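Asker: next comes the sequence, and after it the predicted model I'd like to discuss.
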Amino acid sequence: DAGITQSPRHKVTETGTPVTLRCHQTENHRYMYWYRQDPGHGLRLIHYSYGVKDTDKGEVSDGYSVSRSKTEDFLLTLESATSSQTSVYFCAITDQGYGYTFGSGTRLTVV
Amino acid sequence: SQQGEEDPQALSIQEGENATMNCSYKTSINNLQWYRQNSGRGLVHLILIRSNEREKHSGRLRVTLDTSKKSSSLLITASRAADTASYFCATDGSNYKLTFGKGTLLTVNP
């Protein structure tokens, strides 16, 4: 979607390796989010940020860490990838909660 | 845990018919939002209804909210094949954190 990009779009990695996903926005929105989407579970919140260097955990944060050193970038790191982290990861942004804009997603496969 | 739960899980209709999807949630909310997701794509925001609103319209979309029953409905009128997608409700309870349901898969047959 316009104003938000995720990279990479697809990634295959091995169990036990660290992986970093990037979300970049050009909207100067304060709030950024990482969700994962799995069949039968819908979207679940991993971590979110409410400002530079201000982050908090979501519903399924174990095994994930995030960083936000500048407004436009929100990084999601899988510290040691496991097969249970195979999923589609979505980044989202909002300014004041009046509708969220989602990225196109990153399909991650852990083998 | 999911805050919102959509019903039905899947819905198949003919082009031109109306489609109604329901969402129930558990705790108090600031607003409730509906999103559409086409296969393999990101989610697209459709409409937001605040907790003090009862009904809202946007084009062919009509959303209702009943806070006493903790439920919402999304009506799509005169459906088109291009409306085929998954539809999610999401609740915003605090701190601008959206909690999503598992979605309704709508198929509109030409």
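Answerer: Perfect, I can see it now. Numbering: from 1, shown residues only, chains lettered A, B, ... in the order given.
Asker: and the residue most central in space within chain A, what element?
Answerer: Centrality entry for chain A: nearest residue to the mean C-alpha point is residue A:34, 3.1 Å, by CA atoms, centre = their mean. Per DSSP states H and E: residue A:34 is located in strand A:31-38.
Asker: helix or strand next in line after that strand, which one?
Answerer: Next along the chain after strand A:31-38, taking DSSP H and E as the criterion, comes strand A:42-51.
Asker: is that following strand positioned near chain B?
Answerer: Yes - applying CB under 8 Å from any CB of the partner chain, one finds strand A:42-51 touching chain B at A:42-45, A:48, A:50. No exception for glycine: its C-beta is placed from N, CA and C like everyone else's.
Asker: if any of those residues are buried, give me the PyMOL selection for them.
Answerer: Buried residues among the residues of strand A:42-51 next to chain B (16 or more other CB atoms under 10 Å in any protein chain shown), as a PyMOL selection:
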select buried, chain A and resi 42+43+44+45+48
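Asker: which residues does the nearest residue to residue B:20 once chain neighbours are set aside bridge with?
Answerer: Nearest residue to residue B:20 in three dimensions, chain neighbours excluded: residue B:75, at 5.1 Å (CB to CB, 6 or more residues apart in numbering or on different chains). Taking DSSP bridges as the rule, residue B:75 bridges to residue B:20, residue B:62.
Asker: name all residues that make contact with residue B:75.
Answerer: Going by CB atoms under 8 Å, 6 or more residues apart in numbering or on different chains, residue B:75 touches B:18-20, B:61-64.
Asker: before we move on, what about residue B:11?
Answerer: B:19, B:21, B:104-107.
Asker: how does it look with 6 Å?
Answerer: B:104, B:106 (CB atoms under 6 Å, 6 or more residues apart in numbering or on different chains).
Asker: what about it, distance to residue B:37?
Answerer: Going from residue B:11 to residue B:37 by CB to CB, to the nearest Å gives 15 Å.
Asker: where does chain B dip in pLDDT?
Answerer: Applying pLDDT under 70 to chain B flags the ranges B:1-3.
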